[in-house]
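Participant: dropping a prediction and its sequence here:
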Amino acid sequence: MANSYKTVAEIASINGEDFSDGQFSDVLNDAPVIASIPAVTSSKGNVHQYRKTTAAPVVGYVGDGVGRDLSKSTKIAVTADLEALDASFAVPVHVANASNAEDVVQGELIEHLAASMFAFESQLINGTIEGDAAGHEGLANQANAVASSQFVNATGSTADVQTSVYMVRFSAMDGVAAVIHPEITVGTTIIQDMLAANGKSMPHYYTPLQGYNGVQVGTNYSTVRIGNLNDVTDSKGLTDDLLSAALEKFPAGKQPNRILMSRLSLGQLQRSRTTYSPTGTPAPRPTEYEGIPITVTDAIIATEAVVA
């Protein structure tokens, strides 16, 4: 895709005296998951490594004069690769100077930061399965097969109309966490010649905006994916029974503390609860399940392939 720059007409249309000062947008790029997930600094640049115990030592009681074989715990090294997220931007100098150049650049910076947070959230959830193939792995990568021990199958079977719900344990010490190195950094804005749409050079206010990020999934039991949820029919949508099946997969001592879902799945859950109402009164909008808070995000798509 070619570079896209603001024009004088756009600047004039958003800087007129007759406009309200409110913040209005049709863009769905809020990042509520990023706002709530713990973050850790990468252990080694764009590669994050940590140790995970995969087997406990064997111990046991012994009788008088009876020995036992000694044992050990088993640990493995886990590597999570970070990938570069770029949100750098440029504004033609003559366009910015048609208004207040500093305000124009600052406005673009705010929009690009919001877009980068949403891109990070989308990649953290969808990974390389339904996200950006050039990005890092995410929650979807952890359970992308019906046979996975951490997958609950809602049995939807129509191609490209599926969605997922994730039950996760957020924890910087032993669960799911965002990994950064460094945080997305705003560089110094400079004037730099860049190519315009006609292929000729033209001065721009250029602002670099980059950072490496990834995700840490502490153990195999840190997340469960409820997949093959159909976005067309409620009969294959989210229910309390599916949430119960997901919760059952977490160890007793390390319970989940967040459920991530789309607006679609939240609506399906609410409608499924309404069917149990003896009076037919609509169920209240769900905000939790068994005390586990629900976070609704537009980063979970409703066009997933069927997980086989």
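Facilitator: That came through, no problem. Numbering: from 1, shown residues only.

Participant: ok, which stretches of the stretch 1-150 of the chain are strands?
Facilitator: All strands of the stretch 1-150 of the chain, identified by DSSP state E, counting those that start in this stretch, fall at 39-41, 47-55, 74-81, 83-86, 89-92.

Participant: any idea how far residue 233 is from residue 271?
Facilitator: 11 Å (C-beta to C-beta, to the nearest Å). C-beta coordinates here come from the backbone N, C-alpha and C atoms, glycine included.

Participant: so between those two, which is more surrounded?
Facilitator: residue 271 (15 against 11; other C-beta atoms under 10 Å).

Participant: specify the local secondary structure of the more buried one.
Facilitator: helix (DSSP: H, G, I helix; E, B strand; the rest coil).

Participant: and it, what does it touch?
Facilitator: Residues near residue 271 by C-beta atoms under 8 Å, 6 or more residues apart in numbering: 234, 237, 283.

Participant: likewise for residue 168?
Facilitator: Residue 168 neighbours (C-beta under 8 Å, 6+ apart): 139, 175-176, 222-224, 256-260.

Participant: any stretches of the stretch 1-150 of the chain with poor pLDDT?
Facilitator: 1-2, 6-28 (pLDDT under 70).

Participant: just the helices in it please.
Facilitator: Using DSSP state H, counting those that start in this stretch, the helices of the stretch 1-150 of the chain run over 8-14, 32-36, 93-96, 101-130, 139-142.

Participant: now these in JSON lines, with mean neighbour count?
Facilitator: Converted to JSON lines, those look like this (neighbours: other C-beta atoms under 10 Å):
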{"stretch": "helix 8-14", "mean neighbour count": "13"}
{"stretch": "helix 32-36", "mean neighbour count": "17"}
{"stretch": "helix 93-96", "mean neighbour count": "18"}
{"stretch": "helix 101-130", "mean neighbour count": "19"}
{"stretch": "helix 139-142", "mean neighbour count": "23"}
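
Participant: could I get those helices as TSV with distance to residue 287?
Facilitator: TSV is the format used below for those (distance: least, C-beta to C-beta, whole Å):
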stretch	distance to residue 287
helix 8-14	36
helix 32-36	13
helix 93-96	44
helix 101-130	20
helix 139-142	21
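
Participant: for residue 188, which of these is the nearest?
Facilitator: Smallest distance to residue 188 across the helices of the stretch 1-150 of the chain (C-beta to C-beta): 11.3 Å, for helix 101-130.

Participant: mind checking how far stretch 168-184 is from the chain centre?
Facilitator: In terms of C-alpha atoms, centre = their mean, to the nearest Å, the centre of stretch 168-184 is found 11 Å from the chain centre.

Participant: quick check: mean pLDDT of it?
Facilitator: What stretch 168-184 shows for mean pLDDT is 92.

Participant: list the buried residues of that stretch.
Facilitator: 168-171, 174-181, 184 (16 or more other C-beta atoms under 10 Å).
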